[in-house]
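In: here is the input, now give the coordinates:
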Amino acid sequence: MSTVAKKIIDTMMQTDAYSSWLGIERVEEREGYCKLRMTVRAEMCNGFEIAHGSITYALCDSCLAFASNSRGRQAVSVETSIAHIAPVKIGDVITAESTEESFTNRFCIYSATVTNQRGEKVALFKGVYYRSEKEWLTT
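Out: Model prediction:
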């Protein structure tokens with residue numbers, strides 16, 4: 001595990017109330033990569049008794065935010081999209097794993113695959129991130 005990546009993600013998590021509310025567990029992180037896991041709770045579900053689309057979206061959004069920022073410079077999303085390909089139910093344990101598709105001085109593109117506890121794909125996410133000049137760690 002990259003010490004720099006861990007420090008940056010630790011810093012981000014300190015004020016990330018939404019990721020904390022989701023119950024996100026950090027599984028693995030290194031420069032340009034992140035893997036997160038969480039359990040779907042009843043209050044996360046819609047009238048169809050499946051997880052609201054915003055739940056898998058938020059898991060992926062956090063995963064890619066951590067991955068894109070872990071290289072040292074502050075990055076923010078400029079475009080994201082998700083495809084929900086299978087229902088997620090109460091009690092499902094879902095995992096988002098990032099992949100770095102493209103990385104340049106100003107922009108980076110990441111994708112994430114979300115799987116359930118049976119290893120079945122439930123969502124696919126893509127994001128484009130702008131890399132600012134601001135460094136996370138100045139020491």
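
In: quick one: N69 from C108, how far?
Out: Per CB to CB, to the nearest Å, N69 is found 10 Å from C108. (Each C-beta comes from the backbone N, C-alpha and C, glycine too.)

In: pull the longest helix from the chain.
Out: helix 53-69 (DSSP state H).

In: just the helices in this protein please.
Out: Ranges of helices in the chain, per DSSP H, are 3-14, 17-22, 53-69.

In: JSON lines for the ones you listed, including mean neighbour count and distance to T113?
Out: As requested, those are exported to JSON lines (neighbours: other CB atoms under 10 Å; distance: least, CB to CB, whole Å):
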{"stretch": "helix 3-14", "mean neighbour count": "16", "distance to T113": "20"}
{"stretch": "helix 17-22", "mean neighbour count": "14", "distance to T113": "18"}
{"stretch": "helix 53-69", "mean neighbour count": "23", "distance to T113": "9"}
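
In: mind checking the longest strand of the chain?
Out: Criterion DSSP state E: the longest strand present in the chain is strand 121-135.

In: pLDDT below threshold where in this protein?
Out: Low-confidence segments of the chain (pLDDT under 70): 1, 139.

In: let's see it at 80
Out: For the chain, the stretches flagged by pLDDT under 80 are 1-2, 138-139.

In: quick check: E31 touching K6?
Out: No. In this structure, E31 is not within contact of K6 by CB atoms under 8 Å, at 10.3 Å.

In: quick one: contacts for I55?
Out: Contacts of I55 were listed using CB atoms under 8 Å, 6 or more residues apart in numbering, and they are L22, V40, M44, V88.

In: may I see those arranged in JSON lines, with distance to V78 as well?
Out: Listed next are the contacts of I55 as JSON lines, based on distance: CB to CB, whole Å:
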{"residue": "L22", "distance to V78": "23"}
{"residue": "V40", "distance to V78": "28"}
{"residue": "M44", "distance to V78": "27"}
{"residue": "V88", "distance to V78": "27"}
